[in-house]
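# Take this sequence and fold it.
(one chain, ligands or ions: 2)
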Amino acid sequence: MGLISFLKDKFSKKKTEDIDAYSEGMSKSRQNFSNKLNSLSKKYHKVNQDYFEELEEILIESDVGVKLTLKIIDEVLEESKKKHITDAEEINEILINHMFSGYMEKGETATDVRFVNNGPTVLLVVGVNGVGKTTTIAKLANRYLKQGKSVLLVAGDTFRAGATEQLQIWADRLGINIVKGDYNSDPSSVAYDGMIKAKKDNVDLVIVDVAGRLQTKQYLMDELSKMKRVIGKVIPEAPHETFLIIDATTGQNGVVQAKAFAEVTSLTGVVITKMDGTSKGGIILAIRDELGVPVRFIGLGEKMEDLKEFDLDSYIYGLCVEK
Ligand SMILES: Nc1nc2c(ncn2[C@@H]2O[C@H](COP(=O)(O)OP(=O)(O)OP(=O)(O)O)[C@@H](O)[C@H]2O)c(=O)[nH]1
Ligand SMILES: [Mg+2]
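Residues are numbered from 1 along each chain as shown. Ligands and ions are numbered 1, 2, ... in the order given. Now for the predicted structure:
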């Protein structure tokens, strides 16, 4: 059974709330990708060179990225030749298999925050302005509060006017504490205060909002390593997780950001926001290919519940299967 039939079968037997959210949130991407793929297989009954060129275009237009697209097309060509497959629909199935296995082969696939056994788990959230950092922090806090965990927020972005206030609003709404500093104060000192409070209150999860200014790489690198050092002094081994937030609607620019951040600090995960706002859902595969870091969560809308654990099956289903 092909992957698509397998996924259809899987989700028809066990319809989860999440699969509906993926289907709904990824409808723009699906219209772009799946419809094009279907019309391509109708246009070419038997495949030829032109077919593969058009297939390549579809992948690139979906933001899979040039490098990964060429790799996948090569793999599909090779497999189809070896198995003497010329039927376009079958080729499309092979393509989707390779998109799936390309992700799997790139390393670990953790999603949920990995909590430590003793003391607070510290999660650093980085990303450039406007990508959805604060919203994602609020969504994550909400998720773990619902699971009965205690959560503390730390407003480490002291540079952007209003950043602290924005986080404060979410802390109030969620009914949780926030540690903050003055405008333009040293973010590391706010992080330090945050860790002291987290330890004193013995909270389960501390989420630190970090400003992501990419103007100078060296500056960002120094800031992040200083912050990590300060955090580790109070809570050994911390930060345990560093998530990079990427806005899916920024396309290949998001991939550039991801590479830049990966160069200056070690990331344990990526969160892709605004998947509902893009028709180019392939960006997930491109970022995974470039960084090898697992996509931990994806944002499929603006509501609190619209942050979902990343699930490759649901993603492929959302991208390829019309409801
Ligand atoms: N549709 C949609 N909108 C989102 C998602 N995540 C965040 N947003 C919206 O994106 C906008 C920016 O989000 P913020 O959380 O303020 O982004 P930020 O990175 O904290 O921005 P700065 O603090 O200004 O750097 C808000 O209007 C959010 O509602 C998502 O998954 N889907
Ligand atoms: Mg913010």
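
# just checking, Lys106 is part of a strand?
No. Using DSSP: H, G, I helix; E, B strand; the rest coil, the assignment for Lys106 is coil, not a strand.

# Could you tell me how many residues sit around it?
A count of nearby residues for Lys106, using other CB atoms under 10 Å, gives 16. All C-beta spots, glycine's among them, are computed from the backbone N, C-alpha and C.

# From ligand 2, how far off is it?
29 Å (CB to the ion, to the nearest Å).

# Quick check: the gap between that residue and Leu312.
The gap separating Lys106 from Leu312 is 11 Å, by CB to CB, to the nearest Å.

# and Pro187, what does it touch?
Pro187 makes contact with Gly156, Asp157, Thr158, Phe159, Gly181, Val210, Ala211, Glu223, Met227 under the criterion CB atoms under 8 Å, 6 or more residues apart in numbering.

# Now the two most distant members of these.
Gly181 and Glu223 (14.0 Å; CB to CB).

# What count of nearby residues applies to the residue nearest to Phe310 when sequence neighbours are not counted?
Excluding the flanking residues, the one nearest Phe310 by CB to CB, 6 or more residues apart in numbering is Val295, at 4.3 Å. Taking other CB under 10 Å as the criterion, the count of residues near Val295 is 25.

# right, and Val295 touches Glu309 too?
No. Look at Val295 against Glu309 with CB atoms under 8 Å: they stay out of range, at 9.7 Å.

# about what we covered before: who are the neighbours in contact with the residue nearest to Phe310?
Thr111, Gly269, Val270, Val271, Ile272, Ile284, Ile287, Arg288, Phe310.

# Among those residues, name the ones in helices.
Within these, residues falling in helices by DSSP state H are Ile284, Ile287, Arg288.

# could those be laid out in a markdown table, adding distance to Gly25?
A markdown table is the format used below for these (distance: CB to CB, whole Å):
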| residue | distance to Gly25 |
| --- | --- |
| Ile284 | 12 |
| Ile287 | 17 |
| Arg288 | 18 |
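
# so what's the closest residue to ligand 1 within the chain up against?
Per CB to the nearest ligand atom, Gly299 is where the chain lies closest to ligand 1, at 2.4 Å. The contact partners of Gly299, taken as CB under 8 Å, 6+ apart, are Gly132, Thr135, Thr136, Lys139, Val271, Ile272, Thr273, Lys274, Met275, Asp276, Asp306, Leu307.

# Also within reach of ligand 2: list those from those.
Filtering these for proximity to ligand 2 by CB under 5 Å from the ion leaves nothing.

# Narrow the residues you listed to just the buried residues.
Gly132, Thr135, Thr136, Lys139, Val271, Ile272, Thr273, Lys274, Met275, Asp276, Asp306, Leu307 (16 or more other CB atoms under 10 Å).

# In helices only, show me those residues.
Checking those against DSSP H, those in helices are Thr135, Thr136, Lys139.

# Give me the neighbour count for Glu79.
15.

# Report the beta-bridge partner residues of the residue of the chain closest to ligand 1.
Per DSSP bridges, the residues bridged to Gly299 are Leu307.

# got a list of contacts for stretch 159-172?
By CB under 8 Å, 6+ apart, stretch 159-172 touches 129, 134, 137-138, 141, 153, 155, 157-158, 177-178, 180-181, 183-184, 187, 209, 211, 213.

# run the last query once more with 6 Å
Contacts of stretch 159-172 from elsewhere in the structure, counted by CB atoms under 6 Å, 6 or more residues apart in numbering, are Thr134, Ala138, Leu153, Ala155, Asp157, Ile178, Lys180, Asp209, Ala211.

# where does the residue of the stretch 51-200 of the chain found nearest ligand 2 land on pLDDT?
Going by CB to the ion, ligand 2 is nearest to Thr134 of the stretch 51-200 of the chain, at 3.2 Å. For Thr134, the pLDDT comes out at 93.

# likewise Arg213?
69.

# and if you look at Phe11?
89.

# what's the next secondary structure element after the helix or strand that it is a member of?
Assigned by DSSP states H and E, Phe11 falls within helix 3-13. Going down the chain from helix 3-13, the next helix or strand is helix 17-25, by DSSP H and E.

# Doesn't Thr242 lie inside a strand?
Yes. The assignment for Thr242 is a strand, going by three-state DSSP.

# Pull the number of nearby residues for it.
Thr242, neighbours per other CB under 10 Å, totals 21.

# going forward, begin numbering at 185 instead of 1
Will do, 185 is the new start, and the previous item becomes Thr426.
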